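A.B. asks: model the following, please.
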Amino acid sequence: MTAAARVPVNLVTGFLGVGKTTALTHLLADKPADEYWAVVVNEFGEVGIDGATLSSCGEGLQVAEVPGGCICCTTSPLLRVSLTRLLRARRPARLLIEPSGLGHPAGIVDLLRDPMLAKAFELRGVITLLDPAHVGDARYNSHETWRDQLQLADVVVLNKCDRADVAQLQLARELVGKLYPPKLACHETSQGIFPAGLLDIELQPERWGKAPQIPSAHQRSPVQPMRRNKPAAEPAPEAWPLRKAQSSLDSHSCGWIFPAETQFFSAALAGLFERLGQDAALGLAGLSRAKGVFHTERDWYRFDWVDGYPGVQASAYRRDSRCEVIVHAEKAPDWSAFEQVLLDAVINPKTLSGISTGDSD
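C.D. replies: Model prediction:
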């Protein structure tokens, strides 16, 4: 099976009651009439309600329910079985997956990257719905799953904005703006309505040196069932890792982005962040901040260095590995020493070359 034949897959996530099923209902009602789509719905309870709702959305649609449990765990065979059955029945032009509001969707991303499933499915944008009223509520913002869903998102859709007050909307915007890695888009809406074009948002705009093109709320962007080829005039993509540096007055930053397939030795990264600010050989005099999300041999982790103290915690982010360093100094440092330490921590250097520019996670 060629890469061009892979079925595009989108996750539509969000906490309980945020409006995922309503959002899917609008997407399905507006899908191209000549396309056959499939939906996998995972409900926490044993009685499937969402699946029955979506099944009534019209023709050219297959809905598979996985009630009573969570499909997000990589050890669960439920999702794998459902995906296999979908392909055997009829290959859809697009697959939408709605995980349980209590599920950790990172497990689904890991499963879709399984070598066998990756031959058949291509993960496109992950859409996470967020209710602005939940942002300042400890019942939500203290919940690990709520935070993980936001970390994993490529696009955040602020839903139920018609019910939120000015302060809640502002708090939600500030939260999304502070997320690292930054989101590709944040769309504000009500009734779960968002542009279908967000399903196919450019996932690696850094490789092409331009901001992602996001359709307006009133523009129906055509959904392509297969991968869209880059125009012939597109510039050649940069080699991995991507390196982006900038300076403003006495502040200098540099960031590195690695493909998701690249894995790092967790011990090497831990040692690096412990050395920051102390090892002159790294050439980072005036270091004020360092942070990164990395795919390691153990799991995905976020590393931080701030005020002289290193820290690490598990991360739900899965799109790529990336690191950013900020230095306050009169002159921009030579970033090559730090970059070489990052490269030395890579387990599988071959992932940094020979990757198709059309591929995304």
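
A.B. asks: where does pLDDT dip in this protein?
C.D. replies: Within the chain, the ranges that satisfy pLDDT under 70 run 1-4, 43-62, 65-76, 208-237, 354-361.

A.B. asks: domains in it, by residue range?
C.D. replies: Per automatic domain parsing, the domain ranges recorded for the chain read 3-208, 242-352.

A.B. asks: just how off-centre is stretch 192-203 within its chain?
C.D. replies: Chain-centre distance of stretch 192-203: 13 Å, with C-alpha atoms, centre = their mean, to the nearest Å.

A.B. asks: with only the CA atoms kept, save stretch 268-283 in PDB.
C.D. replies: Taking Å, rounded to 0.1, in the frame of the first residue of the first chain, the C-alpha atoms of stretch 268-283 are listed here in PDB:
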ATOM      1  CA  ALA A 268      21.300  12.300  28.000                       C
ATOM      2  CA  LEU A 269      18.600  15.000  28.000                       C
ATOM      3  CA  ALA A 270      18.300  15.000  31.800                       C
ATOM      4  CA  GLY A 271      22.100  15.500  32.000                       C
ATOM      5  CA  LEU A 272      22.000  18.300  29.500                       C
ATOM      6  CA  PHE A 273      19.300  20.300  31.300                       C
ATOM      7  CA  GLU A 274      21.100  19.800  34.600                       C
ATOM      8  CA  ARG A 275      24.300  21.300  33.000                       C
ATOM      9  CA  LEU A 276      22.500  24.300  31.600                       C
ATOM     10  CA  GLY A 277      23.800  27.600  33.100                       C
ATOM     11  CA  GLN A 278      26.800  25.800  34.600                       C
ATOM     12  CA  ASP A 279      28.800  24.400  31.700                       C
ATOM     13  CA  ALA A 280      30.600  27.100  29.900                       C
ATOM     14  CA  ALA A 281      31.400  24.700  27.000                       C
ATOM     15  CA  LEU A 282      27.800  25.000  25.900                       C
ATOM     16  CA  GLY A 283      28.300  28.700  25.100                       C
END
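
A.B. asks: follow-up on the earlier one: mean neighbour count added to the domains of the chain, as CSV?
C.D. replies: Heads up, the C-betas are built off the backbone N, CA and C, glycines and all. Below are those laid out as CSV (neighbours: other C-beta atoms under 10 Å):
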stretch, mean neighbour count
domain 3-208, 18
domain 242-352, 17
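
A.B. asks: could you pull out the strands in the protein for me?
C.D. replies: 7-14, 37-41, 61-65, 94-98, 121-130, 155-158, 185-188, 242-248, 251-259, 287-295, 300-306, 309-314, 320-328 (DSSP state E).

A.B. asks: please name every helix or strand in contact with the second one.
C.D. replies: So the one you mean is strand 37-41. In terms of contacts (3 or more C-beta pairs under 8 Å, 6 or more residues apart in numbering; DSSP states H and E), strand 37-41 is packed against helix 20-29, helix 50-55, strand 61-65, helix 78-89, strand 94-98.

A.B. asks: out of those, which is closest to Thr189?
C.D. replies: helix 20-29 (8.7 Å; C-beta to C-beta).

A.B. asks: between strand 7-14 and the closest one, find me the angle.
C.D. replies: Here helix 20-29 points in a direction 150 degrees away from that of strand 7-14 (axes from the mean of the first three to the mean of the last three C-alpha atoms, to 10 degrees).

A.B. asks: begin at 45 from here
C.D. replies: Sounds good: first residue 45 from here, last item helix 64-73.

A.B. asks: packing partners for helix 64-73?
C.D. replies: Looks like helix 64-73 contacts strand 51-58, strand 81-85, helix 94-99, strand 138-142, strand 165-174 (3+ C-beta pairs under 8 Å, 6+ apart).

A.B. asks: the longest one to helix 64-73, inter-axis angle?
C.D. replies: Yep, that's strand 165-174 we're talking about. Using the same axes, to 10 degrees: strand 165-174 against helix 64-73 is 130 degrees.

A.B. asks: pairing partners for strand 165-174, with directions?
C.D. replies: Strand 165-174 pairs in its sheet with strand 51-58 (parallel), strand 199-202 (parallel), by DSSP bridges.

A.B. asks: and the angle for the first one with strand 138-142?
C.D. replies: Read it as strand 51-58. Using the same axes, to 10 degrees: strand 51-58 against strand 138-142 is 20 degrees.

A.B. asks: how far off centre is stretch 304-320?
C.D. replies: The answer for stretch 304-320 is 21 Å, by C-alpha atoms, centre = their mean.

A.B. asks: got a list of contacts for it?
C.D. replies: 157, 284, 326, 328, 331, 334, 336, 338-342, 345, 347-349, 354-356, 362-365, 385-386, 388-392, 395-396, 399, 405 (C-beta atoms under 8 Å, 6 or more residues apart in numbering).
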